[in-house]
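Undergrad: for reference, the sequence and a predicted model appear below.
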Amino acid sequence: MNKQLILKKRPEGLPEEDTWELQNNPIPEPKEGEVLIQQHYVSLDPAMRGWINETKSYIEPVQLGDVMRAGSIGKVIKSNHHPIYKEGDIVAGWGGVQQYVTTGASDWRVVDPNLAPLPLYISTLGMPGMTAYFGILDAGKIKEGDTVLISGAAGAVGSVVGQIAKIKGCKVIGIAGGEKKCKYIVEELGFDSAIDYKSENLKEALQRECPKGIDVYFDNVGGEMLDEALARIRLNARIVICGAISQYNNKKAIKGPSNYLSLLLNRATMQGILVMDYAKDYGKAAKEMGGWIATGQLKSKEDIYEGIENFHETFLRLFSGEKMGKLVLKVIEES
């Protein structure tokens, strides 16, 4: 049987367990030109919260009754004359939160399991890593000597952003929640310093760590953090809007920045980043990041939990902060 997580209702605020229903359905047979993929890992990302809202966005919402959308990686176990993929291929794509999926699409990536563990391909060598790479290099336009501030700095995207900025010769300050995460980004990832938003006054900490201001702010959190960062930006600063996890479960209107006139005074820019806009250049990014991983310049951390039946409990870790690095759910043992 195929365990599938089905969206049952649109949540208000933080999704409750009955937002989804775990179903057992027959494993599908691939039609002509399709393959059957046995999925091993699915990616859990903050963006999933937005995908279950029935509002206009950059992507169609997940429909009620459909399998929950998610990035995934697995093994082709049957091919019915698919023109690209063959049995035994390890592929990464958008398989959703389920154990098996059939597809006739050609947009799955074939990856080499001998070069890196499978979860890495939905982490630093997948969507989060690509978001970090293009977000900080293209939208952030970092240059040597820049002061770079990152919110959500211990997360899947923020942790990679900071390391890339260090590779490029920047001063890097990360905002994270709790002593453990702050020690991790400084002692293990090489950030210059960390701000613990749970125990420090954010305004005072920014004055301490960024006395000359901020050249680039990479925002994963929104809300108060974005507002405080805007108050500290320098001339020609770049603000990269990647996410706003502090606002995703609001039952009221999203809180926008009140310090936005700082953009005018400093002739600064604020730009959103969607990784799918860079799809044609994923190969280039993966090659460069793979080289950094091989030389030890870039570290990747995956926080892996087991069991598709534990989806809800694991998903909530995205918003409670009870995770480090990339959140991954193992749905079937590797074979």
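TA: Sure, I can see it.
Undergrad: please make it C-alpha for all contacts and neighbour counts, starting now.
TA: Noted.
Undergrad: got the domain ranges for the chain?
TA: For the chain, the structural domains run 2-123+300-330, 127-276, going by automatic domain parsing.
Undergrad: pLDDT of the shortest one, averaged?
TA: So the one you mean is domain 127-276. Domain 127-276 shows a mean pLDDT of 95.
Undergrad: now swap in the longest one and tell me
TA: The average of the pLDDT scores along domain 2-123+300-330 is 95.
Undergrad: and that domain, end to end?
TA: Using CA to CA, to the nearest Å, the end-to-end distance of domain 2-123+300-330 comes to 14 Å.
Undergrad: swap in stretch 97-111?
TA: End-to-end distance for stretch 97-111: 20 Å, by CA to CA.
Undergrad: hmm, who's touching it?
TA: Contacting residues not belonging to stretch 97-111 are listed as 2-5, 27-30, 33-40, 42, 67-70, 72, 82, 84-85, 89-95, 121, 308, 331-332 [CA atoms under 8 Å, 6 or more residues apart in numbering].
Undergrad: which secondary structure elements does the top helix by length along the chain sit against?
TA: As assigned by DSSP state H, the longest helix anywhere in the chain is helix 282-294. With contacts taken as 3 or more CA pairs under 8 Å, 6 or more residues apart in numbering; DSSP states H and E, helix 282-294 sits against helix 127-134.
Undergrad: on that earlier part again, the longest helix of the chain: which residues count as buried?
TA: For helix 282-294, a neighbour-count test (16 or more other CA atoms under 10 Å) marks 282, 285, 286, 289, 290, 292, 293 as buried.
Undergrad: present the domains of the chain as JSON lines; the columns should include mean neighbour count.
TA: As requested, the domains of the chain are exported to JSON lines (neighbours: other CA atoms under 10 Å):
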{"stretch": "domain 2-123+300-330", "mean neighbour count": "18"}
{"stretch": "domain 127-276", "mean neighbour count": "20"}
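Undergrad: which stretches in the stretch 201-335 of the chain count as strands?
TA: Secondary structure of the stretch 201-335 of the chain (DSSP state E, counting those that start in this stretch): strands at 214-219, 233-241, 269-272, 302-306, 326-330.
Undergrad: how about the helices of the stretch 151-300 of the chain, start to end?
TA: In the stretch 151-300 of the chain, the helices defined using DSSP state H, counting those that start in this stretch lie at 158-167, 179-183, 202-209, 223-230, 261-265, 282-294.
Undergrad: those helices: which one's closest to residue 49?
TA: Nearest to residue 49 among the helices of the stretch 151-300 of the chain is helix 223-230; the distance by CA to CA comes to 16.8 Å.
Undergrad: next up, the contacts around residue 46.
TA: 245, 318, 319.
Undergrad: against residue 24, how distant is it?
TA: Remark: distance between residue 46 and residue 24 (CA to CA) = 26 Å.
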